[in-house]
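J.: this one's structure only:
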């Protein structure tokens, strides 16, 4: 699907810039050439239709070329956060049965340790031979380019993972047809070939993949990638400079980005931005006001999920009056709000959001019972709470799921609890999200009943070895017991 779109852009606008990264400007024709060479190299190494290939790469042209090349072969892309630790990576690799891993040089060693213990080790392909590897991505790129065939809409294209309240992340397969369905939304949103889409959010995340990479490939727009976007506090000035010098017109970000730029000591001319979107968590009014006051650009909210990609976008004529809303459903998407009995509620009434979309997955992998609960009559029960107004605008009011929002990431507290409880001195533990001094931002808190004497730093160090840094509890509270109802249900509201 993505390859077809790239061929179209390379045919109609071969010399136009597709990617901007550091000092590099990659045209559509050059990107097609890279993808064809890499696909030929991967095929020569035995990667073919149905094979899962993990991607552990930063936001750069290699990520984009690798993503498209894997999918163009009929193989399945498994985008993974390069910040994950060994236990997390092994879980993702095993869940998907990866046959190969494309990683940056920093992650290659840990990936090789993981697959070395397997009965049929996967191939680890680093970007260069920094550690003496015999096979590298640079070598595969030397292959002769070959025209790539069109894939069937029903073939799986990507495995994403969705957090929830049921333990480990759930595998979300999405097909070529479903990604094409999502890609059409970006035409409806008015993104054109002359637009420049600025990316500071991870391409391995559904939001970055859809609103940045897929949106640019679909429309032929230029994708401007901020190098090393984390920590954004140290990169915000570079981000503002890029927006100004490149004339960025579309900026999908998270509330954290907009707050830090509004609070930056220096300023820049960001007037080229015609659409700034915030997603991932609710945009607090002070962030909206601060960015608008400093740069004259209103930040519109957008809503989506791992299971379907983008669902709604606020394109209202008056973004100030409607700033709380995530907008109306994009073309082809249906949004309903239901009560606990599954009945539709009237406008202005809060209920669970159910969505139907051409981009929606048909269900989680190997989770039949959960699929019966979460997918019904073509609709997905999102677990998010919201309300529709008389004009069909959606406003998110909360969530049923036990997710914690940290810096734009959604964290499953059950996954963190699994790690905390594994500590030999922990008898019982509950993980919750607690507010910070910054409106709309949370931090991870572990409430622990110890079985022996222990210190906070001991538990945090234990978690740091097993969890990506953004998942590690920042606060540990020791208690003699966890508050529970007479039926044994944990009373989380007394832990916040």
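T.: Received it, and whenever you're ready, just let me know what you need. Worth saying up front: this structure is predicted, and the values here are computed from it rather than measured.

J.: For residue 79, give me its contacts.
T.: Listed by Cβ atoms under 8 Å, 6 or more residues apart in numbering, the contact set of residue 79 reads 54-55, 67, 158, 160, 203-205, 209. Quick note: C-beta positions are derived from backbone N, CA and C, even for glycine.

J.: now with 6 Å?
T.: Residues touching residue 79, when contacts are defined by Cβ atoms under 6 Å, 6 or more residues apart in numbering, comprise 55, 204.

J.: Can you give me the separation between it and residue 204?
T.: Using Cβ to Cβ, to the nearest Å, one gets 4 Å for the distance from residue 79 to residue 204.

J.: And for residue 191?
T.: 21 Å.

J.: Same question for residue 181.
T.: Taking Cβ to Cβ as the measure, residue 181 falls 21 Å from residue 204.

J.: Looking at these two, which has the bigger crowd around it?
T.: Neighbours per residue (other Cβ atoms under 10 Å) separate residue 181 from residue 204, with residue 204 holding more: 25 against 21.

J.: Double-check that that one belongs to a strand.
T.: No: remark: residue 204 does not belong to a strand; assigned using DSSP: H, G, I helix; E, B strand; the rest coil, it is coil.

J.: Who are the contact partners of it?
T.: For residue 204, the contacting residues are 79, 81, by Cβ under 6 Å, 6+ apart.

J.: Residue 328 - that's part of a strand, no?
T.: Yes: with three-state DSSP as the criterion, residue 328 is assigned to a strand.

J.: Could you give the bridge partners of it?
T.: Taking DSSP bridges as the rule, residue 328 bridges to residue 313.

J.: okay, it: pLDDT?
T.: Residue 328 carries a pLDDT value of 97.

J.: From residue 178, how far off is it?
T.: On the measure of Cβ to Cβ, residue 328 and residue 178 end up 21 Å apart.

J.: The nearest residue to residue 135 once chain neighbours are set aside pairs with what?
T.: The shortest distance from residue 135 to any non-neighbouring residue, by Cβ to Cβ, 6 or more residues apart in numbering, is to residue 125 (5.8 Å). Per DSSP bridges, the residues bridged to residue 125 are residue 102.

J.: now residue 125: how far from residue 64?
T.: Plainly put, residue 125 is 16 Å away from residue 64 if you go by Cβ to Cβ.

J.: the more surrounded of those two?
T.: Higher neighbour count among residue 125 and residue 64: residue 64, with 28 against 25, using other Cβ under 10 Å.

J.: which other helices and strands contact the helix or strand where the more buried one lies?
T.: Counting by DSSP states H and E, the element that carries residue 64 is helix 61-72. In terms of contacts (3 or more Cβ pairs under 6 Å, 6 or more residues apart in numbering; DSSP states H and E), helix 61-72 is packed against helix 2-12, helix 28-44, strand 76-79.

J.: would JSON lines of the ones you listed with distance to residue 428 and mean pLDDT be doable?
T.: As requested, the helices and strands packed on helix 61-72 are arranged in JSON lines below (distance: least, Cβ to Cβ, whole Å; pLDDT from 0 to 100):
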{"stretch": "helix 2-12", "distance to residue 428": "47", "mean pLDDT": "96"}
{"stretch": "helix 28-44", "distance to residue 428": "47", "mean pLDDT": "98"}
{"stretch": "strand 76-79", "distance to residue 428": "34", "mean pLDDT": "98"}
